[in-house]
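Asker: have a look; sequence and predicted model below, questions after that.
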Amino acid sequence: MNCQRVQDSFIDYQDGSLPVDEAAQLRTHLASCPVCQREWSALQEITRKFDALSDIPEPSPRLREQFYAMLDTHQDMADAPSPFALARSRIDRFFAALLPSQPAWQFAFALALLLSGLIAGRHFTVQPVAVTPTDDSAKAELAALRAQVNSIGQLVTYSIQQQQSTSERMQAVLATMDLKSPDRKVLTDLVGSLAFDPSINVRLSVVEALAQHADDSLVRAGVLSALPRETAPLVQVAMIELLATARDQSAKPVFEKLSRDEALDRNVRESARRALAALSLPGPSDSHKPAATLKPIPQPTLT
């Protein structure tokens, strides 16, 4: 037997599974080969070390308890609040109570601070002599600035109103139907809701509320300006019928455009054609017909 075969047979020889004749040959070779003797000695040393592993005592049952106790201690230390947590929480609560949380209120608050700063700076800053705006161009610029501030304020007011729920906005519109002579602000708010409210049901209710005041030029102008941007067919038809019943001749170009727009709903185009035909007929007088002659608008359902 050569050295490689002898070394490959060491495990079987040690286990006693090597055939008798091969075991005799292995012993004869091992007695005269120093290399195989070293390999055999190394195998015996490894075997003794593995046998010694079985003498290692089992860990104590308290070892697991001590480990988890130590882990809980480290976790508690990690979860403990930092020394600055209390001060930071107090600062956060202070600013949360001071500043509004809604975006629209935040914008309004920032605008108010800006205007307050401008007024305070104008009051406390030393003005040079002879700078009072007396010419027409300076007065026009001042008027334009005031108009811009007013428009921004109206936008903020409308944004704040949009924070209400759909049902709350619907109730506000329905409440105006009981007003026989609403003031200009009520009519202006209704026109704004018709142009910008995201709910179809609210816009449809607004048309019904405005129909009672179709003789007002503000109402007709507002409905006419909002009609091209309206996308709901039911609301479009209601707006067309309001303007047609009011015999608003300025609505003819809009009706003609709607009647030729193939992308619109068929009912909208038909309603625009009927409105054009109605406006082409001679009316009994130049006065506007009462809005009560409008076809009933379906009562919207809240969604």
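Answerer: It's in.
Asker: low-confidence regions, the chain specifically.
Answerer: Counting by pLDDT under 70, the chain has low-confidence residues at 53-60, 78-109, 111, 113, 115, 118, 120-139, 141-163, 283-303.
Asker: now do the helices in the stretch 101-250 of the chain.
Answerer: In the stretch 101-250 of the chain, the segments counted as helices under DSSP state H, counting those that start in this stretch are 103-124, 136-161, 166-176, 184-196, 200-211, 217-226, 233-245.
Asker: output the contacting helices and strands for the third one.
Answerer: Counting contacts by 3 or more CB pairs under 8 Å, 6 or more residues apart in numbering; DSSP states H and E, the secondary-structure elements packed against helix 166-176 are helix 184-196, helix 200-211. Placement of C-beta: from N, CA and C, glycine included.
Asker: return the most buried member of these.
Answerer: Stretch with highest mean neighbour count among these: helix 200-211 (a mean of 24; mean count of other CB atoms under 10 Å).
Asker: CA atoms only: put that helix into PDB for me.
Answerer: Coordinates of each C-alpha in helix 200-211 appear next as PDB, following Å, rounded to 0.1, in the frame of the first residue of the first chain:
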ATOM      1  CA  ILE A 200     -70.600  69.200  -8.000                       C
ATOM      2  CA  ASN A 201     -73.500  69.100  -5.600                       C
ATOM      3  CA  VAL A 202     -72.500  72.400  -4.000                       C
ATOM      4  CA  ARG A 203     -72.100  74.100  -7.400                       C
ATOM      5  CA  LEU A 204     -75.500  72.800  -8.500                       C
ATOM      6  CA  SER A 205     -77.100  74.200  -5.400                       C
ATOM      7  CA  VAL A 206     -75.400  77.500  -6.000                       C
ATOM      8  CA  VAL A 207     -77.000  77.700  -9.400                       C
ATOM      9  CA  GLU A 208     -80.400  77.100  -7.900                       C
ATOM     10  CA  ALA A 209     -79.800  79.800  -5.300                       C
ATOM     11  CA  LEU A 210     -78.500  82.300  -7.900                       C
ATOM     12  CA  ALA A 211     -81.500  81.600 -10.200                       C
END
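Asker: check which helices and strands it sits against.
Answerer: Under the contact criterion of 3+ CB pairs under 8 Å, 6+ apart, helix 200-211 touches helix 166-176, helix 184-196, helix 217-226, helix 233-245.
Asker: how about JSON lines for these, with distance to M1 added?
Answerer: JSON lines is the format used below for the helices and strands packed on helix 200-211 (distance: least, CB to CB, whole Å):
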{"stretch": "helix 166-176", "distance to M1": "96"}
{"stretch": "helix 184-196", "distance to M1": "100"}
{"stretch": "helix 217-226", "distance to M1": "106"}
{"stretch": "helix 233-245", "distance to M1": "101"}
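Asker: of those helices, flag the one that's most buried.
Answerer: helix 233-245 (a mean of 23).
Asker: what angle do that one and helix 184-196 make?
Answerer: Inter-element angle recorded for helix 233-245 and helix 184-196: 130 degrees (by axes from the mean of the first three to the mean of the last three CA atoms, to 10 degrees).
Asker: quick one on the thing from earlier: distance to V20 added to the helices and strands packed on helix 166-176, as a markdown table?
Answerer: Shown next, in a markdown table, are the helices and strands packed on helix 166-176 (distance: least, CB to CB, whole Å):
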| stretch | distance to V20 |
| --- | --- |
| helix 184-196 | 104 |
| helix 200-211 | 100 |
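Asker: wait, which of those is closest to L224?
Answerer: Closest to L224 of the helices and strands packed on helix 166-176 is helix 184-196 (CB to CB; 10.3 Å).
Asker: what residues does the closest one touch?
Answerer: In this structure, residues lying in contact with helix 184-196 by CB atoms under 8 Å, 6 or more residues apart in numbering are 158, 161-162, 169, 173, 176, 179, 202-203, 206-207, 209-210, 213, 216, 218-219, 222-223, 225-226, 229, 239.
Asker: for stretch 168-179, same thing?
Answerer: Counting by CB under 8 Å, 6+ apart, residues outside stretch 168-179 touching it are 161, 164, 182, 186, 190, 193, 197, 199, 201-202, 205-206, 208-209, 212, 300, 302.
Asker: next one: stretch 228-241
Answerer: Outside stretch 228-241, the residues within contact range by CB under 8 Å, 6+ apart are 194-195, 200, 203-204, 207-208, 223, 226-227, 254-255, 257-258, 264-265, 267-268, 271-272, 275, 294-295, 297-298.
Asker: CA atoms only: put it into CSV for me.
Answerer: The C-alpha trace of stretch 228-241 is given here as CSV (Å, rounded to 0.1, in the frame of the first residue of the first chain):
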residue,chain,number,x,y,z
PRO,A,228,-66.6,78.1,-19.7
ARG,A,229,-64.6,76.5,-16.9
GLU,A,230,-67.4,74.2,-15.7
THR,A,231,-66.9,70.5,-16.5
ALA,A,232,-70.0,68.8,-15.0
PRO,A,233,-72.7,68.5,-17.6
LEU,A,234,-75.6,68.8,-15.1
VAL,A,235,-74.2,72.1,-13.7
GLN,A,236,-73.5,73.3,-17.3
VAL,A,237,-77.1,72.8,-18.3
ALA,A,238,-78.4,74.5,-15.2
MET,A,239,-76.1,77.5,-15.9
ILE,A,240,-77.2,77.7,-19.5
GLU,A,241,-80.9,77.7,-18.6
